[in-house]
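Enquirer: Quick one, fold the following:
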Amino acid sequence: MNWWEEFQSKFKVSLARALSRWWVQTFVGLLPVAIIGLIVAMTTSTQVKIAALTMAGLGTLALWAVAIAILRDSGPNETEVHGLLRPANRPMPPNPCGEIPETALAIFLGRCAAYSSASPHTVISIRGDNVLSFRRVNDGIAVSARIFSSDGRIVAEIRDNEFFINPNNFFRRERPDDHSLTVFDQENNRVLDVFYLNSRAIRFSGIINHPAHRVVISDEEGLFRNTICFGENYTGVGFN
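Expert: Prediction:
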């Protein structure tokens, strides 16, 4: 993604958030009223100037409201539910893959490891459904994931660095810094834990309760408790 596409993507997200605010919607909603008032007022010569000034004033207020909201939403401060993950400065952990190529990102899954130079990269797929993936954006990581509770309900959906949490189906989420993201379900299970260790390594753990298959990413249980290297795997780990 080049700088123009990234700018367009960020602007669309900021604009959507701005227009979701009630006070912005109120100001924008005044514009049609002002236009109707202008049309009506133009039938009488004495009120044209007043109506035009009214519409210009309301239009200016609406534009300022949208602009202020966009600037607030596009600033550098990222909230606990959205924003790119930024690399920490942790050392590279020991891994069964040995030396990781300079162009690749090391991916730690329990005791397993993989690495990939691809972006985007699918980490885990289940029945052809990409449930965990990421792509590199400049010096950050954009994560995409579908996180399920034990009964198969969506707890969180992460779409290209935007974190959407279902307030009815999650217990809590934690974003203590811009390197990590953790989501817990209502049973206090850690269903997703992501930590961007450094510019060359990222770690995933959690429980993916996909309706077709339950995948545990852990040092203690499941496939990923074993010491395996997946190497330069462009399609990640697939489950049927």
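
Enquirer: how close does Ala118 sit to Ser133?
Expert: Separation of Ala118 from Ser133 (C-beta to C-beta, to the nearest Å) stands at 10 Å. Using the backbone N, CA and C atoms, a C-beta is placed for each residue, glycine as well.

Enquirer: And for Ser205?
Expert: Distance from Ser205 to Ser133, by C-beta to C-beta: 16 Å.

Enquirer: rewinding a little: more neighbours: which of Ala118 and Ser133?
Expert: Ser133 (20 against 15; other C-beta atoms under 10 Å).

Enquirer: Checking that one next. Helix, strand or coil?
Expert: Classification of Ser133 by DSSP: H, G, I helix; E, B strand; the rest coil places it in strand.

Enquirer: Specify the beta-bridge partners of it.
Expert: Thr122, Ser144 (DSSP bridges).

Enquirer: ok now do it, which residues does it touch?
Expert: Pro120, His121, Thr122, Val123, Val143, Ser144, Ala145, Gly236 (C-beta atoms under 8 Å, 6 or more residues apart in numbering).

Enquirer: Mind putting those into CSV with neighbour count, distance to Val137 and pLDDT?
Expert: Formatted as CSV, those follow (neighbours: other C-beta atoms under 10 Å; distance: C-beta to C-beta, whole Å; pLDDT from 0 to 100):
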residue, neighbour count, distance to Val137, pLDDT
Pro120, 14, 10, 87
His121, 21, 13, 89
Thr122, 19, 16, 90
Val123, 24, 16, 91
Val143, 24, 11, 87
Ser144, 19, 12, 89
Ala145, 24, 16, 88
Gly236, 20, 19, 72
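
Enquirer: Switch those residues over to TSV, and while doing so, append distance to Gly222 to every line.
Expert: Output for the contacts of Ser133, formatted as TSV (distance: C-beta to C-beta, whole Å):
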residue	distance to Gly222
Pro120	24
His121	21
Thr122	18
Val123	14
Val143	20
Ser144	21
Ala145	17
Gly236	15
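
Enquirer: from the residues you listed, which single one is nearest Leu192?
Expert: Ala145 (6.3 Å; C-beta to C-beta).
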